[in-house]
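J.: model the structure of this input:
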Amino acid sequence: MNKCYIEIHSSNKAKNDIDILMNRAGYRNIGSSKKPSGKIGKFFVKLGIILKIPFCLHKNEVLLIQYPFKKYYTYLCRVAHFRKCKVVTLIHDLGSFRRQKLTVPQEIKKLSHSDYIIVHNPSMKRWLEEQGCKVPMGCLEIFDYLSETKAIDYCPVTSVPQVIYAGGLGPRKNAFLYQLDDHISSYELNVYGKGLDEKVAQNWKHIIYKGFIPSDELISTNRGHFGLVWDGDSISACDGNWGEYLQYNNPHKTSFYIRCHLPVIIWNKAALAPFVRENKIGICVDSLEELNQRFNSMKEEEYAEIRQNIIAMSNRLSEGYYFYKAMQAACEKIQERK
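T.: Numbers count the residues shown, from 1 in each chain. Below is the predicted model of the structure:
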């Protein structure tokens, strides 16, 4: 079954990695191989792609579309079906959920133009089904993460475990971060990123601001022991729009920590928590207040086992294992339904 895709030159790391993986696997690129510069350049490149696609698709091909694809998604699905092709949609983000750019019925209607949908995890699949989505779906499980950079092989736990938190640090998405310092006693939290309220941070005792470091550099230089996946307004649970979304999505940050060889700390109710438990690649907690006790009781052998599991998982993510597995399942399902 021949496959094609539309290279989009996104600023989104996860989308670009999928483009690279499709190219490596020999999928035919019907988009543009040249990266446009500036807003006007991007507009004309995208316009050119949209206009030429009806003439580029071959009968019986499978077209993979990374979602959201802004205003052209429905058009692309209709053109593909007109050309007797099948559409597989890989979801990166649901516009109706966190950002609320669409209503839920609008999003379900859009996604219903696809022949198969690759969702993040069983929780997202269940939610879409509950909202009325009838399209066959399969789970990605976790996002792959491509990087040529080599992570540190092993960083033994000394007297004070080092936890890494990387990403946007503004209070809007990370209000919990500004409450956490008083609840830390047995570890240090090293935070990397932009947007920190440094007036508040200067009074922290256990949280250390490391500034912004590019992802590849952080992979090769960090000497942490765990990576924290947490969003929202509270240290007791992931709440608010950002925190609640963790119950349905796969944060790309999780894949980044795994490529850093960092075992993951994640909320017990997060959609990725079952994956973390089943693969023994981290610890799941109901509240960040649990961490002091968890670190005090953790033995060196237990951490070493988790770390070895993380390294094996990191190797899989670097090869595109989960994308290729999900795409194979999609094509098999489409073949069955012919």
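
J.: so what's the one residue sitting closest to the centre of the chain up against?
T.: Taking C-alpha atoms, centre = their mean, the centroid of the chain lies closest to H252, which sits 2.6 Å from it. By C-beta atoms under 8 Å, 6 or more residues apart in numbering, the contact set of H252 is 13-14, 143, 145. For the C-beta atoms, the positions are set from N, CA and C on the backbone; glycine is no exception.

J.: test my guess that G320 contacts D144.
T.: Yes - under the criterion of C-beta atoms under 8 Å, G320 makes contact with D144 at 4.8 Å.

J.: what do these two both touch?
T.: Common neighbours of G320 and D144 (criterion: C-beta under 8 Å, 6+ apart): 17, 21.

J.: tell me which of the two has more neighbours.
T.: Ranked by neighbour count (other C-beta atoms under 10 Å), G320 and D144 place D144 first, with 25 against 20.

J.: got a list of what the more buried one touches?
T.: D144 is in contact with 17, 21, 255, 316-323, counting by C-beta under 8 Å, 6+ apart.

J.: show the residue spans covered by the strands in the chain.
T.: Using DSSP state E, the strands assigned to the chain run over residues 3-5, 28-29, 62-67, 86-91, 116-119, 137-139, 162-166, 188-192, 207-209, 226-229, 264-267, 282-285.

J.: contacts for the fifth one, please.
T.: Outside of strand 116-119, the residues that reach it under the criterion C-beta under 8 Å, 6+ apart are 86-91, 111, 125, 128, 133, 135-140, 326-327, 330, 333-334.

J.: strands paired with that strand, and their directions?
T.: strand 86-91 (parallel), strand 137-139 (parallel) (DSSP bridges).

J.: next: the last one.
T.: Strands flanking strand 282-285 in the sheet, each with its direction: strand 264-267 (parallel) (DSSP bridges).

J.: can you list contacts of the partner strand?
T.: Contact partners of strand 264-267, identified using C-beta under 8 Å, 6+ apart, comprise 163, 226-230, 237-238, 243, 246, 254, 257-258, 272-273, 276, 281-286, 291, 310.

J.: now swap in stretch 12-32 and tell me
T.: For stretch 12-32, contacts defined as C-beta under 8 Å, 6+ apart pick out 2-10, 45, 48-49, 52-53, 56-57, 61, 63-64, 66, 90, 92, 143-146, 215, 252, 255, 320, 323-324.

J.: and if you look at stretch 73-89?
T.: 6, 50, 53-54, 57-67, 69, 110-111, 113-118, 327, 330-331, 334.

J.: do the same with stretch 179-189
T.: By C-beta under 8 Å, 6+ apart, stretch 179-189 touches 160-165, 203-208, 228, 234-235, 288-289, 291-293, 295-296.

J.: just send the strands of the chain back as CSV, with mean pLDDT and mean neighbour count too.
T.: Shown next, in CSV, are the strands of the chain (pLDDT from 0 to 100; neighbours: other C-beta atoms under 10 Å):
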stretch, mean pLDDT, mean neighbour count
strand 3-5, 95, 20
strand 28-29, 96, 14
strand 62-67, 97, 23
strand 86-91, 98, 23
strand 116-119, 98, 24
strand 137-139, 98, 20
strand 162-166, 97, 22
strand 188-192, 97, 20
strand 207-209, 96, 16
strand 226-229, 98, 26
strand 264-267, 98, 26
strand 282-285, 98, 21
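
J.: can you list those strands in CSV and add distance to A304?
T.: Converted to CSV, the strands of the chain look like this (distance: least, C-beta to C-beta, whole Å):
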stretch, distance to A304
strand 3-5, 40
strand 28-29, 43
strand 62-67, 38
strand 86-91, 35
strand 116-119, 34
strand 137-139, 30
strand 162-166, 16
strand 188-192, 20
strand 207-209, 25
strand 226-229, 13
strand 264-267, 16
strand 282-285, 14
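
J.: looking at these, spot the one closest to K39.
T.: Nearest to K39 among those is strand 62-67; the distance by C-beta to C-beta comes to 20.5 Å.

J.: pull up the pairing partners for that closest one, direction included.
T.: Strand 62-67 pairs in its sheet with strand 3-5 (parallel), strand 86-91 (parallel), by DSSP bridges.

J.: before we move on, the earlier item: any idea which of the contacts of D144 is closest to S220?
T.: Taking C-beta to C-beta as the measure, S220 lies nearest S318 of the contacts of D144, at 13.5 Å.

J.: which ones are touching that closest one?
T.: S318 touches 144-147, 259, counting by C-beta under 8 Å, 6+ apart.

J.: related to what we said a few turns ago, wait, which of the strands paired with strand 116-119 is closest to I40?
T.: Taking these one by one with C-beta to C-beta, strand 86-91 is closest: 28.4 Å.

J.: how near is G282 to E319?
T.: Relative to E319, G282 is positioned 21 Å away (C-beta to C-beta, to the nearest Å).

J.: ok, P263 touching K280?
T.: No - P263 is beyond contact range of K280, at 9.1 Å (criterion: C-beta under 8 Å).

J.: any residues in contact with both of the two?
T.: By C-beta under 8 Å, 6+ apart, P263 and K280 have these common neighbours: 306, 309.
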